[in-house]
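J.: Give me the fold of what follows.
(one chain, ligands or ions: 2)
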Amino acid sequence: MAQLTGGQQQPVLILPEGTSRYLGRDAQRMNILAGKVLAETVRTTLGPKGMDKMLVDSLGDIVVTNDGVTILKEMDIEHPAAKMLVEVAKTQEDEVGDGTTTAVIIAGDLLKKAEELLDMDIHPTIIAMGYRQAAKKAQEILDSIAISASDRDTLIKVAMTAMTGKGTEKARKPLAELVVDAVKQVEENGEVDKDHIKIEKKEGGSVDDSMLVQGVIIDKERVHPGMPKKVENAKIALLNCPIEVKETEVDAEIRITDPSQMQAFIEQEEQMIKDMVDKIVSTGANVLFCQKGIDDLAQHYLAKNDVLAVRRVKKSDIEKLSKATGAKIVTNIEDLSEEDLGNAGKVVEKKISGEEMIFVEECKEPKAVTILVRGSTEHVVSEVERAIEDAIGVVSATVEDEKVVAGGGAPEVEIAKRLKDYSESVSGREQLAVAAFAEALEVVPKTLAENAGLDSIDTLVDLRAAHEESPYMGLDVFKGEVVDMKEAGVLEPHRVKRQAIQSAAEAAEMILRIDDVIAAAGEEGGEEEGMEGMGEMPPM
Ligand SMILES: Nc1ncnc2c1ncn2[C@@H]1O[C@H](COP(=O)(O)OP(=O)(O)O)[C@@H](O)[C@H]1O
Ligand SMILES: [Mg+2]
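T.: Ligands and ions are numbered 1, 2, ... in the order given. Next comes the predicted model:
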């Protein structure tokens, strides 16, 4: 395969042995197939009625999820074109935190439609150009049907829509409120840094026991049992240096000639530790979080001074503590002063499902908060956590952009309708590509219907008819009827759809433009491994 024939005589090898190469139509067919297979895999999880997948890794660890990007990440995809779609999902996750399945299935359908056009002998470049034109128009249409809103009620609806069907059924409303409160709390000048919302999970209890803490929860315990379990009006010091006597940097040897010298040496070390603790106590600190270690003796002195201290706190947690309490992170104990301390209403060590955790709560106007997720088992807690992450993503996007669109396939049907009209004004063969793009978008309502056990064709016909009246008509998957999604309160951020359409179009275009796949030989497999290593591709 890796040979080119030079003239008539000997073959000239320009690629290493074992390299596989696919050209032209073969390359396209294979890449499209890989993309379609991938989209097919996550398709059944779309929407509130979507099914879950159970993923088992090589160590036997299990993940049960409905989240597109989680599935794709866990699947360990081999095929290069399929990997490009996994990237689409990841981008979607990073940009908005929701809409990952949507992005992938739109990309999959764009590829499927492209194949039909290729079979009609339309050149891939024409299709790519048509797709690009259509994607641009689609964004314009989407902008025109977006609804400006970011009030609390809207935010709660957006959060609830993102969590529908994700193992949060019982407690969807309270969880949505929790997420909205959290996002609102950390918002600064219209922007939300999602890193300032910590999600701490602990199995045990039920999903309803999940709560929002105005501060930070640290999954650690006090270093010393003699320390107080609870400190009110906490004055908090944050250190990122150890409270230990530093070991010498160079290998030094200290010669001791009589026992009293040894004693003096130890006493001096002890004095240094004591001085450090005295310094901390003198600032008025009664709680201490240290990113590094705390010497045994220091623990003892801190306990004697009624300071609640925690050691080896993660850097990210120290940063959140700083955001929540207003404390400054100090690198040198000598520099610590009263102004560096932060405040919290109380700091308490609580036992949650048999494990100690430190709650730094009742912070005033904290710019970092924590959502404690509870649930009966590890798998439940993890799935609820993913749902909450999605909800934080969509609420943040809505707070930032103040624009939402209806859900349940409404925008896709509206864009498809207007794109079809628009395609008639497009000249040449690109017209067909624009029309194909429009049809591809309808995969969203079709899939929502299928996953709800409804007839996808009938649903689409109903939806198209309803869109003669209003652009907000979508599929209520619970009632199996076409309803006004705005009234039903099924809302999504404008950004989710914008990004999903954008990245799906770009990925499809990129895959279509490839007409030569040259794959180096894999570690052991060579030709077969690299390209056909997609595992079991269902026949299509
Ligand atoms: N109550 C509902 N009725 C109909 N569709 C809904 C409802 N709630 C959410 N959806 C739709 O489900 C789709 C999202 O499904 P989801 O499984 O979360 O996939 P994604 O990973 O793309 O976010 C969106 O099209 C959204 O509008
Ligand atoms: Mg979602």
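
J.: as a whole number, average confidence for whatever helix or strand Leu297 lives in?
T.: Assigning secondary structure by DSSP states H and E places Leu297 in helix 296-304. Taken as a whole, helix 296-304 has an average pLDDT of 94.

J.: Please enumerate the strands of the stretch 151-300 of the chain.
T.: When secondary structure is read from DSSP state E, counting those that start in this stretch, the stretch 151-300 of the chain shows strands at 197-203, 211-213, 216-218, 230-239, 287-290.

J.: Ile106 is nearest to which of these?
T.: Distances from Ile106 to each of the strands of the stretch 151-300 of the chain were compared by C-beta to C-beta, and the smallest falls on strand 197-203, at 28.6 Å. All C-beta atoms are positioned from the backbone trio N, CA, C, and that covers glycine.

J.: before we move on, the earlier item: make CSV from the strands of the stretch 151-300 of the chain and add distance to Thr377 to it.
T.: Supplementary listing: the strands of the stretch 151-300 of the chain in CSV, determined by distance: least, C-beta to C-beta, whole Å:
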stretch, distance to Thr377
strand 197-203, 6
strand 211-213, 19
strand 216-218, 20
strand 230-239, 30
strand 287-290, 31
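
J.: Include mean pLDDT when you put these into TSV, please.
T.: TSV is the format used below for the strands of the stretch 151-300 of the chain (pLDDT from 0 to 100):
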stretch	mean pLDDT
strand 197-203	91
strand 211-213	90
strand 216-218	92
strand 230-239	95
strand 287-290	96
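
J.: So which other helices or strands are in contact with the helix holding Leu297?
T.: In this structure, helix 296-304 packs against helix 259-282, with contacts taken as 3 or more C-beta pairs under 8 Å, 6 or more residues apart in numbering; DSSP states H and E.

J.: So what touches the helix it packs on?
T.: If you take C-beta atoms under 8 Å, 6 or more residues apart in numbering as the criterion, helix 259-282 is touched by 237, 243-245, 254, 256, 288, 295, 297-298, 301-302, 305, 307, 333-334, 336.

J.: returning to that earlier point: outside of the helix holding Leu297, which residues touch it?
T.: Outside helix 296-304, the residues that reach it (C-beta under 8 Å, 6+ apart) are 223-224, 226-227, 243-244, 270, 273-274, 276-278, 280-281, 288, 294, 309.

J.: how about Glu385, secondary structure?
T.: helix (DSSP: H, G, I helix; E, B strand; the rest coil).

J.: What is the burial count for the closest residue to Ile256 other than its chain neighbours?
T.: The shortest distance from Ile256 to any residue other than its chain neighbours is 5.1 Å, reached at Met262 (C-beta to C-beta, 6 or more residues apart in numbering). A total of 12 residues lie near Met262 under the criterion other C-beta atoms under 10 Å.

J.: and if you look at Pro80?
T.: Counted with other C-beta under 10 Å, the burial measure for Pro80 works out to 16 neighbours.

J.: what's the spacing between it and Lys73?
T.: Separation of Pro80 from Lys73 (C-beta to C-beta, to the nearest Å): 17 Å.

J.: do the same with Val330
T.: Taken as C-beta to C-beta, the span from Val330 to Lys73 is 38 Å.

J.: Now find how far off-centre stretch 231-238 is within its chain.
T.: Per C-alpha atoms, centre = their mean, to the nearest Å, the displacement of stretch 231-238 from the mean C-alpha position of its chain is 33 Å.

J.: right, I mislabeled it, should have said stretch 414-434
T.: 34 Å.

J.: Could you pull out the buried residues of that stretch?
T.: When burial is assessed from 16 or more other C-beta atoms under 10 Å, stretch 414-434 yields the following buried residues: 414-419, 422-423, 426, 429-434.

J.: same thing with stretch 232-242?
T.: Of the residues in stretch 232-242, those with enough neighbours to count as buried (16+ other C-beta under 10 Å) are Ala234, Lys235, Ile236, Ala237, Leu238, Leu239, Asn240, Cys241, Pro242.

J.: Can you add distance to ligand 1 and give the residues you listed back as CSV?
T.: Conversion of these to CSV gives the following (distance: C-beta to the nearest ligand atom, whole Å):
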residue, distance to ligand 1
Ala234, 40
Lys235, 44
Ile236, 39
Ala237, 43
Leu238, 37
Leu239, 42
Asn240, 38
Cys241, 43
Pro242, 44
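
J.: Closest one of those to Gly393?
T.: Minimum separation from Gly393 among the buried residues of stretch 232-242 (C-beta to C-beta) is found for Leu238, which lies at 28.5 Å.

J.: For the residue of the chain found nearest ligand 1, give its distance to Ala416.
T.: Across the chain, no residue is closer to ligand 1 than Gly407, which sits at 2.6 Å (C-beta to the nearest ligand atom). Here the distance between Gly407 and Ala416 works out to 16 Å (C-beta to C-beta).

J.: Alongside ligand 1, which residues does the stretch 151-300 of the chain contribute?
T.: With C-beta under 6 Å from any ligand atom as the criterion, the stretch 151-300 of the chain meets ligand 1 at residues Thr161, Thr164.

J.: which residues does Val63 contact?
T.: By C-beta under 8 Å, 6+ apart, the neighbours of Val63 are Met54, Leu55, Asp57, Thr70, Glu74, His379, Ser382.

J.: Quickly list the domain ranges of the protein.
T.: In terms of domains, the chain is parsed into 14-147+406-531, 150-214+368-401, 220-365 (source: automatic domain parsing).

J.: Return the distance of the residue nearest to Ile126 when sequence neighbours are not counted relative to Pro124.
T.: What sits nearest to Ile126 in space, not counting adjacent residues and going by C-beta to C-beta, 6+ apart, is Arg429, at 5.1 Å. Distance of Arg429 to Pro124, given as C-beta to C-beta: 12 Å.

J.: Asp181 too?
T.: Using C-beta to C-beta, one gets 50 Å for the distance from Asp181 to Pro124.
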